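Visitor: Build the 3D model from these lines:
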Amino acid sequence: MLKSDLRVLYTNFRNELSFEKISEISLQLANNSLELPIWDFDYYHLYSPIPDKKEIDTTFLLSILQGKDKHVIFPKMEGDELIHFLLTDNTIFKTNKWNVPEPVDGISVEPNKIDVVFVPLLAFDRQGNRVGYGKGFYDRFLKQCRSESIKIGLSFFDAEEEITDVFENDIPLDYCITPNKIYKFS
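Guide: Modelled structure (predicted):
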């Protein structure tokens, strides 16, 4: 299926979810993440959910990361790139013009320092390809990470068979966590 068709389809699927169901699934995904072989690393990149897009609530994952004393990094949009800041007790989040909560400023972290990236998505396929909102922010960011950085998608829904219009610049996932299964790609 084409990315544009998947964007429409999965946006509609998400819109059918209640906020209670989103919270329930988000907690389940965070708990499922504990099964992954990723907990010996130090630097974890997490995103803040956009409430009106009914994204996965990453606060449960954040609690796990903080409980394990991990360094957590959040992105901020700057032009058509993401810049990255270490979460500290002094980090202030502000919603940008796209309604994305992001850090105002802080201690900058270069992408090549990040070990694990939790990646937002609308849909994904059995090969680890993902569909985002189509602006390319995460593909550009993931290109800047080390090749061994682990990329983990978070999805309310199971994999599509195939995304038919994958581009050369698309960066595939290593894992995707869903409520029913953890997909591993290689």
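Visitor: How far off centre is the longest helix seen in the chain?
Guide: Longest helix in the chain, counting residues (DSSP state H): helix 19-33. Chain-centre distance of helix 19-33: 14 Å, with Cα atoms, centre = their mean, to the nearest Å.
Visitor: now what about the helix or strand that comes right after that helix, what contacts it?
Guide: Going down the chain from helix 19-33, the next helix or strand is strand 43-45, by DSSP states H and E. For strand 43-45, contacts defined as Cβ atoms under 8 Å, 6 or more residues apart in numbering pick out 65, 70-75, 84, 109, 113-118. For every residue, glycine as well, the C-beta is placed using N, CA and C.
Visitor: same thing but at 7 Å, please
Guide: Residues from elsewhere that reach strand 43-45 (Cβ atoms under 7 Å, 6 or more residues apart in numbering): 65, 70-73, 84, 109, 113-118.
Visitor: In CSV, list those residues along with secondary structure, distance to K151 and neighbour count.
Guide: Converted to CSV, these look like this (DSSP: H, G, I helix; E, B strand; the rest coil; distance: Cβ to Cβ, whole Å; neighbours: other Cβ atoms under 10 Å):
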residue, secondary structure, distance to K151, neighbour count
L65, helix, 16, 21
K70, coil, 17, 20
H71, strand, 17, 18
V72, strand, 16, 20
I73, strand, 14, 26
H84, strand, 15, 22
V109, coil, 16, 20
K113, helix, 15, 17
I114, coil, 10, 23
D115, coil, 11, 19
V116, strand, 8, 24
V117, strand, 5, 26
F118, strand, 9, 24
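Visitor: re earlier: for the longest helix of the chain, buried residues please.
Guide: I22, I25, S26, L27, Q28, L29, A30, N32, S33 (16 or more other Cβ atoms under 10 Å).
Visitor: what does stretch 158-176 give?
Guide: The neighbour-count check on stretch 158-176 (16+ other Cβ under 10 Å) flags A159, E160, I163, V166, D170, I171, P172, L173, D174, Y175, C176 as buried.
Visitor: Quick one, which of these has the minimum pLDDT?
Guide: Across those, the smallest pLDDT goes to D170, namely 88.
Visitor: separation between that one and R140?
Guide: D170 sits 11 Å away from R140, going by Cβ to Cβ, to the nearest Å.
Visitor: Hmm, N129 is touching P172, no?
Guide: Yes - using Cβ atoms under 7 Å, N129 is in contact with P172, at 5.5 Å.
Visitor: Tell me the one among the contacts of strand 43-45 nearest to K97.
Guide: K97 has its nearest neighbour among the contacts of strand 43-45 in H84, at 19.4 Å by Cβ to Cβ.
Visitor: Confirm for me that that closest one is in contact with I73.
Guide: Yes - counting by Cβ under 7 Å, I73 is a contact partner of H84 at 4.9 Å.
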